[in-house]
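Undergrad: Quick one, structure for this:
(one chain, ligands or ions: 1)
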Amino acid sequence: MTWGNGGTRRIGPALGGLAGLAGLALLHAGPAATWLPAVRRLLPGLAGVGADTHVALTFDDGPDPRTTPRFLAELERLGCRATFFVLGEMLDRHPELGRRIAAGGHEIGVHGWHHDNALVARPGRMAAELGRAADLVAAVTGTAPGWYRPPYGVLSAETLIAARLHGLRPVLWTVWGRDWTRSASPDSVVAAMTPGLRGGATLLLHDTDHTSAPGSWHAALGALPRLVGACRSAGLRVGPLRDHGVC
Ligand SMILES: [Zn+2]
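TA: The predicted structure is shown next:
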């Protein structure tokens with residue numbers, strides 16, 4: 001099976017394997033921690049495993065005018081680019097922020113329109129909203145998005161097919177910061193992510209608390225300099241998924 005981004009890249013054992021993984025997701029519709037190890041083992045490209053000299057930095061759920069500009073400023077200060085997986089409903093309200101993300105040299109991917117779980121949405125809804133969000137990203141930034149990350153990491157056959165139709169390659173993550181919780185702090189985010197900071201990793205953080213505990217974005221923002229610094233100290237480049245050389 002080929003995906004739009006990169007044109008001819010192949011992603012593991014094609015739809016049969018993906019359908020099996022969707023089945024796994026069905027069993028574990030909550031946080032994807034229990035089934036992500038299987039994804040990483042069977043479909044490293046889907047998990048976001050990339051080149052062993054690079055770490056991909058990704059942010060979900062924005063753009064949010066209260067918080068995203070702070071992340072953009074910090075990334076600028078760090079000399080770092082990232083991939084932002086935006087929600088259509090947020091980008092629709094704040095298109096100028098989408099343009100600002102793109103103008104900063106960052107990449108924009110699709111996270112959906114609302115933050116819905118593919119396994120509980122009525123049939124057809126996720127596919128339609130995924131397409132609507134992809135079209136909006138293209139209209140706002142002038143660049144068609146290349147990546148799709150489903151909310152909660154839950155893929156369904158419907159969203160996989162819709163992503164392919166819109167030229168979006170599904171990608172999850174290899175390590176998350178648990179930055180969305182009420183008790184998260186910069187220290188807790190660094191501690192959660194440090195074991196996974198290695199070449200080829202895809203890091204998941206959030207540039208907003210839109211779907212998280214109020215104020216939780218402070219934890220991700222505060223952790224950023226140490227996370228980027230740790231990668232660079234290990235000789236790893238940090239950047240967006242387009243530079244990641246995803247398997
Ligand atoms: Zn999300």
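
Undergrad: alpha carbons only for contacts and neighbour counts from here, please
TA: Will do.

Undergrad: Excluding covalently adjacent residues, which one is nearest to T67?
TA: The spatial neighbour of T67 that comes closest, neighbours along the chain excluded (Cα to Cα, 6 or more residues apart in numbering), is T208 at 5.7 Å.

Undergrad: quick check, that neighbour in a helix?
TA: No. According to DSSP: H, G, I helix; E, B strand; the rest coil, T208 belongs to no helix; its state is coil.

Undergrad: wait, what's in contact with it?
TA: When contacts are counted by Cα atoms under 8 Å, 6 or more residues apart in numbering, T208 is found next to D60, D61, G62, P63, D64, R66, T67, T68, S216, W217.

Undergrad: helix or strand for the spatially closest residue to G124 that is not a sequence neighbour, which one?
TA: Spatial nearest neighbour of G124, excluding adjacent residues (Cα to Cα, 6+ apart): E158 at 7.5 Å. According to DSSP states H and E, E158 maps onto helix 157-165.

Undergrad: What is the subsequent helix or strand relative to that helix?
TA: Next element after helix 157-165 (DSSP H and E): strand 169-170.

Undergrad: Put together a markdown table for the contacts of T208, with neighbour count and pLDDT on each row.
TA: Output for the contacts of T208, formatted as a markdown table (neighbours: other Cα atoms under 10 Å; pLDDT from 0 to 100):
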| residue | neighbour count | pLDDT |
| --- | --- | --- |
| D60 | 24 | 97 |
| D61 | 28 | 97 |
| G62 | 27 | 97 |
| P63 | 30 | 98 |
| D64 | 21 | 98 |
| R66 | 12 | 98 |
| T67 | 19 | 98 |
| T68 | 23 | 98 |
| S216 | 24 | 94 |
| W217 | 28 | 96 |
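
Undergrad: Out of those residues, which are close to the ion?
TA: By Cα under 5 Å from the ion, the members of the contacts of T208 lying near the ion are D61.

Undergrad: could the contacts of T208 go into TSV alongside secondary structure?
TA: Putting these into TSV (three-state DSSP) gives the following:
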residue	secondary structure
D60	strand
D61	coil
G62	coil
P63	coil
D64	coil
R66	coil
T67	coil
T68	helix
S216	coil
W217	helix
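
Undergrad: Just put the contacts of T208 in a markdown table and tack on distance to W113.
TA: Listed next are these as a markdown table, based on distance: Cα to Cα, whole Å:
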| residue | distance to W113 |
| --- | --- |
| D60 | 12 |
| D61 | 10 |
| G62 | 11 |
| P63 | 12 |
| D64 | 14 |
| R66 | 19 |
| T67 | 19 |
| T68 | 18 |
| S216 | 22 |
| W217 | 20 |
